[in-house]
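> Just a sequence and a predicted model for now, questions to come.
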Amino acid sequence: MDIDRKHLERCIGNEARAQENLYRHYAPKMLALCKRYARSNEEAEDILQEGFIKVFTKLDDFRNEGSLEGWIRRIMINTALNFHKRKSPSYQDLNPELFELSRVEESTSVEILSAEELETVIAQIPSPYKTVFQLNAILGYTHKEIGEMLNISTNTSKSRLNRARHIIQKRYFNIYSTAISPAYGRAIA
């Protein structure tokens, strides 16, 4: 089902069936997005519901510039970020120096991990770093856009992404260290 302008106008007019169709069309993709920012399925569902309330109250602000899905996605991301700010007031104040990272050889660790392994590792990254990693590496936002969304500087965004990558590499190294040959520094076949 494509969502056309006429359908959007029915949603803006609070027509329940049109809103339900819009929700059913986009909810599965948006729930998957919300799960990336949530600590549990219930939290993801709360973010999704809060996000769709915003979608329906602000739908008349959509100017048909770009895709509707992209517009809804941005609302969901902002809703997830605001959700965590409300739940964790010290979220922005986390001191990156608390996480002393040992130098891990640069590699393509992220490329080698399976999707499940990567999701497990990402879930363990402290929130400020995880959020920047997801926004940049997974969703493709620039550091400038991330800075505006999170109210941080571009350099802080870059630093958090770098820390997230180091955490992923360190966890990857710890997971697979038993399969590493000390003589060659490579995985044993």
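That came in fine, so what should we check first?

> any idea how far residue 169 lies from residue 163?
Taking C-beta to C-beta, to the nearest Å as the measure, residue 169 and residue 163 are separated by 11 Å. No exception for glycine: its C-beta is placed from N, CA and C like everyone else's.

> go on, residue 124?
Residue 124 sits at a distance of 13 Å from residue 163 (criterion: C-beta to C-beta).

> Report how many residues lie close to residue 140.
8 (other C-beta atoms under 10 Å).

> Quick check: phi and psi at it.
For residue 140, the backbone dihedrals (degrees, to the nearest 10) come out as phi 80, psi 20.

> quick one, what contacts it?
Applying C-beta atoms under 8 Å, 6 or more residues apart in numbering to residue 140 gives no contacts.

> let's number from 231 now, not from 1
From this message on, residue numbering opens at 231, which makes the last subject residue 370.

> pLDDT score assigned to it?
At residue 370 the predicted local confidence, pLDDT, stands at 82.

> what's the spacing between the residue positioned nearest the centre of the chain and residue 251?
With distances taken as C-alpha atoms, centre = their mean, the residue of the chain nearest its centroid is residue 364 (4.0 Å). Distance from residue 364 to residue 251, counting by C-beta to C-beta: 29 Å.

> tally of neighbours for residue 278?
Once other C-beta under 10 Å is used to define contacts, residue 278 is seen to have 24 neighbours.

> element containing it?
If you go by DSSP states H and E, residue 278 is part of helix 271-288.

> again with residue 352
Taking DSSP H and E as the definition, residue 352 sits inside helix 345-353.

> Mind checking what helix or strand follows that helix in sequence?
Next along the chain after helix 345-353, taking DSSP H and E as the criterion, comes helix 357-363.

> And that next one, what's buried?
By neighbour count, with 16 or more other C-beta atoms under 10 Å as the criterion, the buried positions of helix 357-363 are 358, 359, 360, 361, 362, 363.

> Residue ranges of each domain in this protein, please.
235-317, 321-409 (automatic domain parsing).

> which one of those has the lowest average pLDDT?
For those, the stretch scoring lowest in mean pLDDT is domain 321-409; its value is a mean of 70.

> thinking again about what came up before, mind listing residues that contact the helix holding residue 278?
241, 249, 252-253, 257, 260-261, 264-265, 267-268, 302, 305-306, 309-310, 313.

> Show me which positions of that helix end up buried.
Buried residues in helix 271-288, defined by neighbour count with 16+ other C-beta under 10 Å: 273, 274, 276, 277, 278, 280, 281, 282, 284, 285.

> what's the answer for stretch 289-304, then?
Within stretch 289-304, the residues that qualify as buried are 289, 292, 298, 301, 302, 303, 304, counting by 16+ other C-beta under 10 Å.
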